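K.L.:
this is a predicted model, with the sequence first.
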Amino acid sequence: SSALPVIPGATLEEFEPHHYLIAEGEYRWEPIVFTYVGFCASLAELDRRRLLGNEVIRKDDFLSSLGTRVTTGFFFNTRLQLGYAHNFEVIRKNGRRGGNEIVLSVSGAL
């Protein structure tokens with residue numbers, strides 16, 4: 001657990017809420033030996049800051065994302081994971097909604 005939420009498709013430290021709740025689920029299967037393909041979804045509820053006129057207020061919001069991951073065995077005792085997620089609710093500077101995330105992760109013991 002951390003003081004700031006880690007939400008798929010949003011940048012780290014993008015939100016500084018006073019409270020938040022994140023639910024995430026994943027369905028995965030093993031199509032070939034030591035390789036897993038998964039589909040994931042998340043829903044986050046947080047009080048993010050909003051600009052209304054000349055005033056910044058906090059408003060409770062829901063942020064949803066969908067993604068996919070491929071995890072496989074790698075050299076020695078390591079694991080390689082490639083993931084993609086799209087968040088539908090984050091707001092960018094140009095006023096458009098949506099954010100993407102691509103993560104490459106290598107973990108384990110050498």
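P.N.:
Received the coordinates, thanks.
K.L.:
how close does residue 26 sit to residue 18?
P.N.:
Taking Cβ to Cβ, to the nearest Å as the measure, residue 26 falls 28 Å from residue 18. In short, each C-beta sits where N, CA and C put it, glycine included.
K.L.:
those two - which one has more neighbours?
P.N.:
Between residue 26 and residue 18, counted using other Cβ atoms under 10 Å, residue 26 has the larger neighbour count: 13 against 7.
K.L.:
which non-adjacent residue is nearest the more buried one?
P.N.:
With Cβ to Cβ, 6 or more residues apart in numbering as the measure, residue 40 is the residue that lies nearest to residue 26, at 4.1 Å, once sequence neighbours are left out.
K.L.:
please apply the same query to residue 22.
P.N.:
With sequence-adjacent residues excluded and distances taken as Cβ to Cβ, 6+ apart, residue 22 is closest to residue 44, at 4.5 Å.
K.L.:
pairing partners for that neighbour in the sheet, please.
P.N.:
Beta-bridge partners of residue 44, counted by DSSP bridges, are residue 22, residue 63.
K.L.:
list the contacts for it?
P.N.:
5, 7, 20, 21, 22, 23, 62, 63, 64 (Cβ atoms under 8 Å, 6 or more residues apart in numbering).
K.L.:
that older thread, just the element for the residue nearest to residue 26, please.
P.N.:
With the criterion set as DSSP states H and E, the secondary-structure element containing residue 40 is strand 35-52.
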